[in-house]
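In: The sequence and its predicted three-dimensional model are supplied below.
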Amino acid sequence: MLSPLDLSLTNGPIPQAATVAAVLAIAYLAVRKDRTWRVRVLPIVVLACALAVTGLALVVDHVWKPWPEPLPTVLIVWLGAVLVALTLAVVRLRSGRWYGRAFGVLLALGVVMSAVVATNAHFGQYPTTRAVLDLFRNDRVDLNEAAPPASGVVEVPVGKTLADVWTRPEGLPDKGTVSEAEIPGAFQARPAWVYLPPAYNTTPRPRLPVVVLMAGQPGSPRDWFDGGRILDNLDAYARQHDGLAPIVVVADQLGTSTANPLCLDSKLGRSETYLARDVPAWIRQRLTVDERREAWTVAGFSQGATCSLQLAVRAPDVYGNFIALAPQREPSLGTREETVKAAFGGDEAAFAKVNPMDVLAGQRFPRTAGVVVAGRDDVTYRQADAEVFEACRKAGMDVQWRELPNNHDWNMARDGLFGSLPWLARRTGLVR
């Protein structure tokens, strides 16, 4: 039977019940028999909260601008609902019996929790309660323990896949390992998170394909383990393939959660050099991997997807494959003018040299393969994704298009990445 911990937090009865509960709580807090309350206090509270939320949205979207797209409407609505509920609860503290005032505070806190559930449902960050509880669990393994030097490697003859020559050893672990690792280089990055499949913990050790993966912005490498559920999905894949799965290094392309250096070498930092040179060099030096470019994939979600496309065209000798999960049309800080000014001091030619759509228009990449994944309901990036796919196709890439019944959220990112694993395994020589 399905455990209560595995009930969906992104669709179905739980987010629906949270919304209904919030509506009823606000209605209770808003209704009083006092005429002054109805004609003066309540309208003033609602208007003040609406103005506060609108002002905050304007500041975030047009002054601070931590990310290129505006705040989602659903987030603004829920922020307004929370502010109204908290304000009404505070105003009601001035009168009534103590238990009525306490009940009002509890209702306001309930609205806050409902907003958290609804926001999570919108972004798909934590699909179940079990995923939320993982935040309090630390099962990461020191990389020196998880990845000691190999005492022998499995050789794969030309024309064979790793699965053709691999035999599942006795005592193979059921799960892979997760480690954090500092990757030094030209860019001040946060620690990467490294997934090593069960087959890595064997002797002789197979040379496994590599996926360099990136989260969106705002975000961090951990997001792919929380929202992306890497451990669950890759362990499931490995169990079906005698412990074989790709090595995944979730690298940091941002520096901080709200920064956006655009995966370029520019005034904003040397993110491209870090991801195209430093990260691959560290992986080859530190881990037992398949050295062929066909065995190397760069992938990401949202801003990380844009970055994966950039690296596919800017470092094609390093990455033979890419998986772009809802990419932007081009690296962006809002508008092209703002982006070029911030990164290159207004030099359009410098930006065009590194912008993937401009590069694709002038070069061909017949040895590169990729997957572009779009959310059918993603009104912000769906059209851009189609344009990216078409540009890749015209540039000679072996590229596939996948459209999923999702929005710009982690539900799409999870399904898009793990739905691409069979293609990736064949492309990288893991299986036939």
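Out: Alright, I've got the coordinates. Numbering: from 1, shown residues only.
In: Gly100 versus the residue nearest in space to the middle of the chain, what's the distance?
Out: Nearest residue to the geometric centre of the chain (Cα atoms, centre = their mean): Ala215, 3.6 Å. Counting by Cβ to Cβ, to the nearest Å, the gap from Ala215 to Gly100 is 45 Å. Just so you know, the C-beta spots here come from the backbone N, C-alpha and C atoms, and that holds for glycine as well.
In: ok, which stretches of the stretch 151-300 of the chain are strands?
Out: 153-154, 177-181, 192-196, 205-206, 210-214, 247-250, 265-266, 269-270, 296-301 (DSSP state E, counting those that start in this stretch).
In: Nearest to Ala27, out of these?
Out: Ala27 lies closest, by Cβ to Cβ, to one member of the strands of the stretch 151-300 of the chain: strand 296-301, at 37.7 Å.
In: angle of the closest one against strand 210-214?
Out: Per axes from the mean of the first three to the mean of the last three Cα atoms, to 10 degrees, the angle that strand 296-301 makes with strand 210-214 is 20 degrees.
In: Any idea how far strand 296-301 is from the middle of the chain?
Out: Averaging C-alpha positions (Cα atoms, centre = their mean, to the nearest Å) puts strand 296-301 12 Å from its chain's average.
In: try stretch 31-50
Out: That offset, for stretch 31-50, works out to 41 Å (Cα atoms, centre = their mean).
In: Surely Ile26 is in contact with Val84?
Out: Yes. Counting by Cβ atoms under 8 Å, Ile26 touches Val84, with 6.4 Å between them.
In: higher neighbour count, the two?
Out: Neighbour count, other Cβ atoms under 10 Å: between Ile26 and Val84, Val84 has more, with 23 against 20.
In: how would you label the more buried one: helix, strand or coil?
Out: Secondary structure state of Val84, per DSSP: H, G, I helix; E, B strand; the rest coil, is helix.
In: For Pro422, grab the count of nearby residues.
Out: Neighbours of Pro422 using other Cβ under 10 Å come to 12.
In: can you give me the helices in the stretch 301-432 of the chain?
Out: 303-314, 336-344, 348-354, 356-362, 382-394, 410-419, 421-427 (DSSP state H, counting those that start in this stretch).
In: out of those, nearest to Asp139?
Out: Going by Cβ to Cβ, the one of those nearest Asp139 is helix 410-419, 19.8 Å.
In: Check the offset of that closest one from the chain's centre.
Out: Offset of helix 410-419 from its chain centre (Cα atoms, centre = their mean): 10 Å.
In: Same question for stretch 420-432.
Out: 22 Å.
In: Stretch 226-238 too?
Out: Distance of stretch 226-238 from the chain centroid (Cα atoms, centre = their mean) equals 14 Å.
In: Deepest-packed of the strands of the stretch 151-300 of the chain, please.
Out: For the strands of the stretch 151-300 of the chain, the largest average neighbour count (mean count of other Cβ atoms under 10 Å) is found in strand 296-301, namely a mean of 30.
In: Now tell me what touches that one from outside.
Out: 209-216, 224, 228, 246, 253, 275, 280, 290, 305-308, 311-312, 318-327, 410, 413, 416-417, 424, 427-428 (Cβ atoms under 8 Å, 6 or more residues apart in numbering).
In: ok now do Arg284, which residues does it touch?
Out: By Cβ under 8 Å, 6+ apart, Arg284 lies in contact with Glu291.
In: in the protein, which ranges drop under the pLDDT threshold?
Out: 1 (pLDDT under 70).
In: send the alpha carbons of stretch 425-432 over as PDB?
Out: Provided in PDB are the C-alpha atoms of stretch 425-432 (Å, rounded to 0.1, in the frame of the first residue of the first chain):
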ATOM      1  CA  ALA A 425      22.600   5.300 -22.200                       C
ATOM      2  CA  ARG A 426      22.700   4.200 -25.800                       C
ATOM      3  CA  ARG A 427      24.400   7.400 -27.000                       C
ATOM      4  CA  THR A 428      27.200   7.100 -24.400                       C
ATOM      5  CA  GLY A 429      27.800   3.400 -24.900                       C
ATOM      6  CA  LEU A 430      26.500   2.300 -21.600                       C
ATOM      7  CA  VAL A 431      24.000  -0.100 -23.100                       C
ATOM      8  CA  ARG A 432      23.100  -1.200 -26.700                       C
END
